[in-house]
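Enquirer: give me the fold of what follows.
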Amino acid sequence: MSNKITFQNAVLLKFSRSTKGTEADFRADFTTRVITAMDWSDMPDCVSGSSLEGELDQAICTLTAKDVELSKMGFELDRAKVHAFNVVKREIEGKRDKGTRLELRFRLLTLDDNACQKLEAWFTSAGGAKGKLEVSYTPQAKQEHLPGTDAADSDQAELLQ
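Expert: Okay, the predicted model is just below:
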């Protein structure tokens, strides 16, 4: 069964290639739908930034531009992993001292053979254009808590003896 998360107003910040594959850094809106899908909690007002747990593995990522003219430049990457999530509080553009917004930053690692070519074409034609990044992934199985597997359980077991 495949799940889908959509990152709104996604912007490709940079990309590189190494022996691990092609890595790309993105920023996007920190939306309620993403928070719910990733099982995160809202960030308190007093926090200016935080690393978030979770990753989307064995994903297919599709990036399409919001601009109709640039929408033809969209592309798909397979064999991807979306990870290294961070949320950052940023000042609202053009509204100095009038408020803040939350921005999600994350990394995409892919083994797609043509990833650099696709990312370069997007980067040179769409530049800093905002788009929609849809990530289709297979959820990872979650391990249930087993009694006696953490320190609190073993302390409790010692007390019972």
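
Enquirer: poorly predicted segments of the protein, please.
Expert: 1, 45-46, 95, 142-143, 149-161 (pLDDT under 70).

Enquirer: try 50
Expert: The model of the chain has pLDDT under 50 over residues 159-160.

Enquirer: residue contacts, the most centrally placed residue in it?
Expert: Central residue of the chain (C-alpha atoms, centre = their mean): Phe106, 4.4 Å from the mean position. The contact partners of Phe106, by C-beta atoms under 8 Å, 6 or more residues apart in numbering, come to Phe7, Asp25, Phe26, Ala28, Val82, His83, Ala84, Phe85, Asn86. (C-beta placed from N, C-alpha, C; glycine too.)

Enquirer: again with Leu56
Expert: Ile5, Lys81, Val82, His83, Val135, Tyr137.

Enquirer: what's the closest of the contacts of Phe106 to Gly127?
Expert: Distances from Gly127 to those, taken as C-beta to C-beta, are shortest for Phe26 (14.1 Å).

Enquirer: how much space between the nearest residue to that closest one once chain neighbours are set aside and Leu52?
Expert: Nearest residue to Phe26, sequence neighbours excluded (C-beta to C-beta, 6 or more residues apart in numbering): Ala10, at 5.3 Å. Between Ala10 and Leu52 the computed distance is 16 Å (C-beta to C-beta, to the nearest Å).

Enquirer: and those two? which has more neighbours close in?
Expert: Ala10 (26 against 18; other C-beta atoms under 10 Å).

Enquirer: hmm, Ala28 and the more buried one touching each other?
Expert: Yes. Ala10 is within contact range of Ala28, at 4.2 Å (criterion: C-beta atoms under 8 Å).

Enquirer: overlap of the contact sets of those two?
Expert: Common neighbours of Ala10 and Ala28 (C-beta under 8 Å, 6+ apart) are Leu133.

Enquirer: where do the helices sit along this protein?
Expert: For the chain, the helices defined by DSSP state H occupy 32-37, 115-126, 151-160.

Enquirer: report the buried residues of the longest one.
Expert: So that's helix 115-126. Ala115, Cys116, Lys118, Leu119, Trp122, Phe123, Ala126 (16 or more other C-beta atoms under 10 Å).

Enquirer: what's the answer for stretch 11-27, then?
Expert: Buried residues in stretch 11-27, counted by 16+ other C-beta under 10 Å: Val11, Leu12, Phe15, Gly21, Thr22, Glu23, Ala24, Phe26, Arg27.

Enquirer: alright, I will stop here.
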